[in-house]
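*Asks:* starting from these lines, generate the structure:
(chains A, B, C, D, E and F)
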Number of protein chains: 4
Amino acid sequence: MAQPARPLRADAARNRARVLDVAYETFADEGLSVPIDEIARRAGVGAGTVYRHFPTKEALFTAVIADRMGRMVDDGRALLESEGPGEALFTFLRSLVLQWGAADRGLVDALAGYGIDVACAAPEAEDAFKAMLGELLRAAQEAGTARRDIDMRDVKAILVGCQAMQAYDSALAERATGVVIDGLRPPR
Amino acid sequence: MAQPARPLRADAARNRARVLDVAYETFADEGLSVPIDEIARRAGVGAGTVYRHFPTKEALFTAVIADRMGRMVDDGRALLESEGPGEALFTFLRSLVLQWGAADRGLVDALAGYGIDVACAAPEAEDAFKAMLGELLRAAQEAGTARRDIDMRDVKAILVGCQAMQAYDSALAERATGVVIDGLRPPR
Amino acid sequence: MAQPARPLRADAARNRARVLDVAYETFADEGLSVPIDEIARRAGVGAGTVYRHFPTKEALFTAVIADRMGRMVDDGRALLESEGPGEALFTFLRSLVLQWGAADRGLVDALAGYGIDVACAAPEAEDAFKAMLGELLRAAQEAGTARRDIDMRDVKAILVGCQAMQAYDSALAERATGVVIDGLRPPR
Amino acid sequence: MAQPARPLRADAARNRARVLDVAYETFADEGLSVPIDEIARRAGVGAGTVYRHFPTKEALFTAVIADRMGRMVDDGRALLESEGPGEALFTFLRSLVLQWGAADRGLVDALAGYGIDVACAAPEAEDAFKAMLGELLRAAQEAGTARRDIDMRDVKAILVGCQAMQAYDSALAERATGVVIDGLRPPR
DNA sequence: TATGAATGAGGCTTCATTCAT
DNA sequence: TATGAATGAAGCCTCATTCAT
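*Replies:* This next block holds a predicted model:
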């Protein structure tokens, strides 16, 4: 999101992006406690290179989260176009569980506020995410497909819960997400 | 659960119970990464005493979980008596969120399968928990208060999700749990 | 100086004293940049043991300095008895150079204020040292063997200089200290 | 001192001189442990440029010392002209303390032989410095303003001590230097 | 040639576990 | 048996030096 003062050299930018992707996968595989050295090894770079781009482990983790949240925002907005206002919210919720399959421990930890406060560490990403979620919810409420006695923050909490379910057991999560979604629809 | 060959001396049994309680609180406060020394300090014993009762940190954690799951089983069964078959399941779900308020990181981590696989580590506790949950669900389904297209494993996943919501934001969790419960009720 | 709340176990006290002594020698030999692991190795203990007694490298260094300053204070006071008021100050100055022979880098660094501010880190030791130095100076001034236009702080600065000379070249330091001492005597 | 085979291009020579000056200031501010990157940053060049001119950190440090010693030699010689033989030595000593005011850690460390042996690393600078100091001392001895029972090496040790005093407390150093100088004057 | 990115060894510190008291 | 001191393997991070751009 934030542009660095000077654009990175081509090779540095490539390394940075590679570290970010590998870090996402590695956190997802192993959880937040995975050593930085392991991420560096998987990315095929020295540990120093990771630290050049992300000065602390927490900064790396925050960058991963911000990156992923940015993608989620894009996904959510795209769904509003492709699915229409009535179903975009629900499809978004389901897509979190379906697409981001394999145990996504790091992200869940982060969304649930473990260890790192996303709202503080990456406020722009957090705000953009909340704005997108608010739009999806409002669209669904206006379309009459979502109950009106909830707000964006409730949906965000539920989303965290779905992520946790998915980490707990991806096979079950799909059906359980359906149950939760039924709870979000208007009564009757 | 497993009884030692010889019953513990009274003071040893007292120490064991105290460590178990303190460990629960400490994991809840600080997460799984809290040092054993901190637990020993809070319990007012030496680190060696903790290791006498629980041979590894993982064994201690597993024992904490098994202990808590045992209490949950008792709670669930009691609710079946006090609340009746139709509402016991929902009250149980709400009570997890309400009673076990303050961030209960350790338990959520465990239930979600982080780091430790409860089903393997404490199979008896896991089985008892599942049995109780199955009873609550069947009772509700027979009473017509829960939809019939879900099974115990779905409810367990949802329960994990509710725990995660509660860890994420206890204030929101109560209302969000209501939404989820609405999803569990029969359609229409 | 400060007594711990509970007295250490005998073996722990022995280890602590040993680490303190070895750390002094090692800092003196190698300078402040010597790794803690090297000190642990020389002391025949694990690195963890050093950290149990001194929570950071700086704390270890401060403790070494405070310990040495305490010994200096004792030495100075003893000289006042054995040498009499007129010569105790000068004998003390010489003894710093003679006794504490081999390059005492760490101590010089500390006295000179490099890296660590002794006055802040070990204020009691610093105060006791200044008090002792003030007594030696006053005694000499009253005995007529030291000039009256200087105060304790000047003497402390000169002492730092002598330590530096000694670190620079112990062989030369003895004669050069004699020159400096001549400068401290009353004119004519 | 040593001239490169081919004279440097004008911009390269400018860079070299700039790095040398900035390195002096930076070592003086931060001590020998300052990273090369910090020096490069302050000089407005890349780290690679520093390494092009000085193949190791030690070489850079040595060059800084040699450069400064060269300036001291020039200063000392000039004082012999301007102050006359009787006072040049003492004025030189005072000027070290007064002019090179602000904590000059790097230089003091070096003169005192910390980490680097100036006599080995920059023997020409060391020899020229000693020669100059010998001239100042001899001039003062012949003028009758310095005692005759000391030689150049004693004065060098004392100079090191004065530098250390100045690093310890610049405010005190001026008066304390006066005391030391009194010690250098002939008795009576 | 200048730049600054990459490397990787090494330092400080933590903490699960063992063991002497 | 209870204590808490000792151990030592890792983990995070820094920085001298090399090298691709």
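*Asks:* okay, and the helix or strand of chain A with the least pLDDT?
*Replies:* Least confident helix or strand of chain A, by mean pLDDT, DSSP states H and E, is helix A:105-111 with a mean of 57.
*Asks:* buried ones in the very next helix or strand once past that helix, by neighbour count?
*Replies:* Beyond helix A:105-111 on the C-terminal side, the first helix or strand identified by DSSP states H and E is helix A:118-121. Neighbour-count burial for helix A:118-121, with 16 or more other CB atoms under 10 Å in any protein chain shown as criterion, is recorded at A:118, A:121. All C-beta spots, glycine's among them, are computed from the backbone N, C-alpha and C.
*Asks:* quick one: name whatever helix or strand follows helix A:118-121.
*Replies:* Sequence order places helix A:123-143 as the next helix or strand after helix A:118-121, per DSSP H and E.
*Asks:* what's the angle from the longest helix along chain A to helix A:123-143?
*Replies:* Counting by DSSP state H, the longest helix found in chain A is helix A:57-83. Helix A:57-83 and helix A:123-143 are oriented at 20 degrees to each other (axes from the mean of the first three to the mean of the last three CA atoms, to 10 degrees).
*Asks:* quick check: mean pLDDT across helix A:57-83?
*Replies:* Averaging pLDDT along helix A:57-83 gives 93.
*Asks:* that helix near chain B anywhere?
*Replies:* No. Using CB under 8 Å from any CB of the partner chain, helix A:57-83 stays clear of chain B, coming no nearer than 13.2 Å.
*Asks:* after that helix, heading C-terminal, what element do we hit next?
*Replies:* Taking DSSP H and E, what comes next after helix A:57-83 is helix A:88-99.
*Asks:* tell me the buried residues in that next one?
*Replies:* Neighbour counts over helix A:88-99 (16+ other CB under 10 Å) mark A:88-94, A:96-97 as buried.
*Asks:* walk me through the domains of chain A.
*Replies:* Using automatic domain parsing, the domain ranges for chain A come out as A:9-55, A:61-184.
*Asks:* deepest in the core, which of those domains is it.
*Replies:* domain A:61-184 (a mean of 20; mean count of other CB atoms under 10 Å in any protein chain shown).
*Asks:* so what's the one residue in chain A that gets nearest to DNA strand E up against?
*Replies:* With CB to the nearest atom of the strand, the shortest gap between chain A and DNA strand E falls at A:G48, namely 1.9 Å. Counting by CB atoms under 8 Å, 6 or more residues apart in numbering or on different chains, A:G48 touches no other residue.
*Asks:* again, only this time at 10 Å
*Replies:* A:A40 (CB atoms under 10 Å, 6 or more residues apart in numbering or on different chains).
*Asks:* again with A:K156
*Replies:* Residues in contact with A:K156 (CB under 10 Å, 6+ apart) are A:111, A:126, A:129-130, A:133-134, A:137, B:165, B:168-169, B:172, B:176.
*Asks:* over to A:G161?
*Replies:* When contacts are taken as CB under 10 Å, 6+ apart, A:G161 is in contact with A:108, A:111-112, A:176-177, A:180, B:157-168, B:173, B:176-177, B:179-180.
*Asks:* A:V19: which element?
*Replies:* Assigned by DSSP H and E, A:V19 falls in helix A:10-30.
*Asks:* so how far is B:Y168 from the closest residue to A:H53 other than its chain neighbours?
*Replies:* Distances taken as CB to CB, 6 or more residues apart in numbering or on different chains place A:R16 nearest to A:H53, at 4.6 Å, with adjacent residues excluded. As for A:R16, its distance to B:Y168 is 30 Å (criterion: CB to CB, to the nearest Å).
*Asks:* check which helix or strand the residue of chain A closest to DNA strand E maps to.
*Replies:* Per DSSP H and E: A:G48 is located in helix A:47-53.
*Asks:* average pLDDT across that helix?
*Replies:* 97.
*Asks:* which of the domains of chain A has the lowest mean pLDDT?
*Replies:* Per-stretch mean pLDDT for the domains of chain A is lowest at domain A:61-184 (a mean of 86).
*Asks:* what's the end-to-end length of it?
*Replies:* 31 Å (CA to CA, to the nearest Å).
*Asks:* is any part of it close to DNA strand F?
*Replies:* No. Using CB under 7 Å from any atom of the strand, domain A:61-184 stays clear of DNA strand F, coming no nearer than 9.6 Å.
*Asks:* what's the closest non-adjacent residue to A:R153?
*Replies:* Nearest-residue entry for A:R153: B:L172, 5.6 Å, with adjacent residues in sequence omitted and distances by CB to CB, 6+ apart.
*Asks:* how about A:D67?
*Replies:* Of all residues not flanking A:D67 in the chain, A:L20 sits nearest, at 5.7 Å (CB to CB, 6+ apart).
*Asks:* just to revisit the earlier point, which pair in the buried residues of helix A:88-99 spans the largest distance?
*Replies:* The most widely separated members of these, counting by CB to CB, are A:A88 and A:V97 (15.5 Å).
*Asks:* contacting residues for A:T26?
*Replies:* Neighbouring residues of A:T26 by CB under 10 Å, 6+ apart: A:19, A:34-36, A:38-43, A:64, A:106.
*Asks:* now distance to C:K57 and secondary structure too, for those residues, in CSV please.
*Replies:* Output for the contacts of A:T26, formatted as CSV (distance: CB to CB, whole Å; DSSP: H, G, I helix; E, B strand; the rest coil):
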residue, distance to C:K57, secondary structure
A:V19, 31, helix
A:V34, 28, coil
A:P35, 23, coil
A:I36, 23, helix
A:E38, 28, helix
A:I39, 28, helix
A:A40, 26, helix
A:R41, 29, helix
A:R42, 33, helix
A:A43, 32, helix
A:V64, 33, helix
A:G106, 33, helix
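*Asks:* and DNA strand E, which of these contact it?
*Replies:* Okay, of these, nothing touches DNA strand E (CB under 7 Å from any atom of the strand).
*Asks:* among those residues, which one sits closest to chain B?
*Replies:* Closest approach to chain B among those (CB to the nearest CB): A:G106, at 11.0 Å.
*Asks:* just to revisit the earlier point, the longest helix of chain A vs helix A:88-99, what angle?
*Replies:* Relative orientation of helix A:57-83 versus helix A:88-99 (the same axes, to 10 degrees): 130 degrees.
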